[in-house]
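Novice: Provided below for reference: sequence and predicted model.
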Amino acid sequence: MDTVERKYTAKEAMQSVVEYLKDDTARATQVISIRTISESERKLFVRMFGHWLHKNRERIFLLADSVSSLQFIEQRIVSKYKGIKIVETATLEKHGVSDDMILNRINGAEANCIIVSLPKEVEEAFVNQNRKSLNAKVWLGLGSKREWKSQHALLDKMKKLFSDATQK
């Protein structure tokens, strides 16, 4: 029997993250995957989360599979949320997939949040193996750059379809 994965609204996901970040007794890292938020609400959640990080001047660590993905995320954060402190970055392309090395960099940076752009399988393997060893409170998985492009392409097609229908 197939189980249906529950999709959260942006507000539900944001409420969960804020409660966890404010909880001083929380021991393990809370993992939020953008894939668990309904597709129509993902952009809203990222905006809400970015504003919260900015407002609270949170320290973040960026992890991506490639330099181009890392640069893309970093540029978006720096241009939209100037109060966020990017304390460290790493890519699998430059630093390899050595969990220990990346884990040491994350914990050494003393970040409150880790924002990640990795393929699903790589992200899940890393989190499952290292969740209890991470010092950051929140791990936000954004998916891979390829996933973003396919989502944007789909949204563009839908916008075009609706604009064509209203012009008739």
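Specialist: That came through fine. Numbers count the residues shown, from 1 in each chain.

Novice: Which stretches in the protein count as strands?
Specialist: Secondary structure of the chain (DSSP state E): strands located at 30-33, 59-64, 85-91, 113-117, 138-141.

Novice: so what strands line up beside the last one?
Specialist: For strand 138-141, sheet partners with direction are given as strand 30-33 (parallel), strand 113-117 (parallel), following DSSP bridges.

Novice: how about those strands in CSV, adding mean neighbour count and distance to residue 80?
Specialist: (C-beta placed from N, C-alpha, C; glycine too.) What follows is these, written out as CSV (neighbours: other C-beta atoms under 10 Å; distance: least, C-beta to C-beta, whole Å):
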stretch, mean neighbour count, distance to residue 80
strand 30-33, 19, 19
strand 113-117, 25, 13
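
Novice: Format these as JSON lines; extra columns: distance to residue 69.
Specialist: Shown next, in JSON lines, are the strands paired with strand 138-141 (distance: least, C-beta to C-beta, whole Å):
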{"stretch": "strand 30-33", "distance to residue 69": "16"}
{"stretch": "strand 113-117", "distance to residue 69": "5"}
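
Novice: any idea how far residue 73 is from residue 133?
Specialist: Residue 73 sits 23 Å away from residue 133, going by C-beta to C-beta, to the nearest Å.

Novice: more crowded one of those two?
Specialist: For residue 73 versus residue 133, the count of surrounding residues by other C-beta atoms under 10 Å is larger for residue 73: 22 against 14.

Novice: can I assume that one is in contact with residue 62?
Specialist: Yes: with contact defined as C-beta atoms under 8 Å, residue 73 reaches residue 62; the gap is 5.7 Å.

Novice: So for the two, which residues contact both of them?
Specialist: residue 115 (C-beta atoms under 8 Å, 6 or more residues apart in numbering).

Novice: residues touching residue 138, list them.
Specialist: For residue 138, the contact set (C-beta under 8 Å, 6+ apart) comprises 17, 20-21, 29-30, 32, 112-114.

Novice: Against residue 17, how distant is the residue lying closest to it once chain neighbours are set aside?
Specialist: Spatial nearest neighbour of residue 138, chain neighbours left out: residue 113 (4.6 Å); criterion: C-beta to C-beta, 6 or more residues apart in numbering. Plainly put, residue 113 is 9 Å away from residue 17 if you go by C-beta to C-beta.
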